[in-house]
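A.B. asks: Dropping the sequence and predicted coords here.
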Amino acid sequence: MGSEGPLAVTIHVTGFKKFHGVSENPTETIVCNLKEYMKKKGFPKGLILGSCSILETAGQGAVASLYQTLQSAVSTKDSDSSKLGRVIWLHLGVNSGATRFAIENQAVNEATFRCPDEMGWKPQKVPIIPTDGGISRTRETSLPVEEITRALAKMGYEVMTSDDAGRFVCNYVYYHSLRFAEQNGIKSLFVHVPLFLAIDEETQMQFVASLLDILSSLN
């Protein structure tokens, strides 16, 4: 078996719909166009692009659909784990004030929404998973964030690592995903992108394609 090289990596990608203050979410555009873009560009060796899903920009009210989405990867993995190898969830969210990409290292067990989400929920200092403990509890990705950021920077992208994914829906989804990943032996990563006004759509598509390439080549 060892001579066959590393197993394939299946990467599932999510973006978000519009929300308060962002009428057109770049991550929805990126994720909707990603499969077609990658077909034209050519898939890196060992990469399987799994589901490309758009999540509601909502916390509590959207948890059931979030878990259905996350669970779909595990069901596929269980059914044919010998062929599928590793599974990574890649979540994309927008930071409307940013001028560069941010690879998020961790999520915090705190929901403090600056405005109501798309289902009208506006929690303040609420633990995302009460059984995990208080709102200062963090969960970190098991992926090498610094290494990923360095590789992207070498390719010429404006990118940084971040330890603060905010306290809004992005952080909420990331926290749930990191917990789910730990429980199911898979990996999760969240990346914040700017608006297309700050970095144009084509560059952002190239960035995500480069990120998929890097993720697929990790040991």
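C.D. replies: Received, thanks.
A.B. asks: just for this protein, where's the confidence low?
C.D. replies: Within the chain, the set of residues satisfying pLDDT under 70 comprises 1-6, 76-85, 219.
A.B. asks: Show me the strands in it, by range?
C.D. replies: For the chain, the strands defined by DSSP state E occupy 9-16, 47-55, 86-94, 101-104, 106-108, 138-140, 159-162, 187-193.
A.B. asks: Dump these to CSV, plus mean neighbour count.
C.D. replies: No exception for glycine: its C-beta is placed from N, CA and C like everyone else's. As requested, the strands of the chain are arranged in CSV below (neighbours: other Cβ atoms under 10 Å):
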stretch, mean neighbour count
strand 9-16, 23
strand 47-55, 18
strand 86-94, 25
strand 101-104, 23
strand 106-108, 23
strand 138-140, 16
strand 159-162, 17
strand 187-193, 24
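A.B. asks: give me the number of residues near residue 183?
C.D. replies: By other Cβ atoms under 10 Å, 9 other residues sit near residue 183.
A.B. asks: need the contact list for it.
C.D. replies: Residues in contact with residue 183 (Cβ atoms under 8 Å, 6 or more residues apart in numbering): none are found.
A.B. asks: For residue 64, see how far away it is.
C.D. replies: Counting by Cβ to Cβ, to the nearest Å, the separation of residue 183 from residue 64 is 17 Å.
A.B. asks: With residue 19 instead?
C.D. replies: Distance, residue 19 to residue 64, using Cβ to Cβ: 19 Å.
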